[in-house]
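Novice: Quick one, what's the 3D model for this:
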Amino acid sequence: MSISDISFKDFRQLHRLAQTVVPNGLPNASRRFVVNACTPAFVEIEDLEEMIKLYRYRMSIIEQDILDHTPTSSAEAVSKLKFMSSLMLDGGNLEVDFFAYLVEECAFVIANNMRQP
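Specialist: Reported below is the predicted structural model:
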């Protein structure tokens, strides 16, 4: 199959998809992707991308719920701190002020629980 065998509409969609899926810097990778993709595979890839978008949205809601939850025990505070550090290491975008507030919140809970007999 060559590029001329693909309708322009399909080519345009496949090319857009290749820009998001194919790693940069690989010679002819986008062209190979477009040529090797067939319409059923393209539809499946689009469906999978929509599922990924949905899961990312759900994940962001859950992340925000965890960040908004005020810990009530040292164990919860430690879990929240571990979650926050994992989020930051994975490239999560937490504002510095918000991050500092959450760390202080967890430290306060842990300090209060250390004082209790």
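Novice: Please identify the buried residues of the helix or strand of the chain with the lowest mean pLDDT?
Specialist: The helix or strand of the chain with the poorest confidence is helix 29-36; it has a mean of 77 (mean pLDDT, DSSP states H and E). With burial defined by 16 or more other CB atoms under 10 Å, the residues of helix 29-36 counted as buried are Ser30, Phe33, Val34, Val35. For the C-beta atoms, the positions are set from N, CA and C on the backbone; glycine is no exception.
Novice: and the residue nearest to the spatial centre of the chain, what element?
Specialist: Centroid-nearest residue in the chain, with CA atoms, centre = their mean: Arg56, separated by 5.3 Å. Using DSSP states H and E, Arg56 maps to helix 39-68.
Novice: ok, then the element right after that helix?
Specialist: Helix 39-68 is succeeded, C-terminally, by helix 74-89 (DSSP H and E).
Novice: any low-confidence regions in this structure?
Specialist: For the chain, the stretches with pLDDT under 70 are 1-2, 38-42, 117.
Novice: mind running it again at 90?
Specialist: 1-50, 87-96, 114-117 (pLDDT under 90).
Novice: Which residues are in contact with Ile45?
Specialist: Ile45 makes contacts with Leu17, Val21, Ala37, as judged by CB atoms under 8 Å, 6 or more residues apart in numbering.
Novice: Same list (those residues) but as CSV, adding neighbour count and distance to Ala75.
Specialist: Conversion of the contacts of Ile45 to CSV gives the following (neighbours: other CB atoms under 10 Å; distance: CB to CB, whole Å):
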residue, neighbour count, distance to Ala75
Leu17, 18, 45
Val21, 14, 41
Ala37, 22, 49
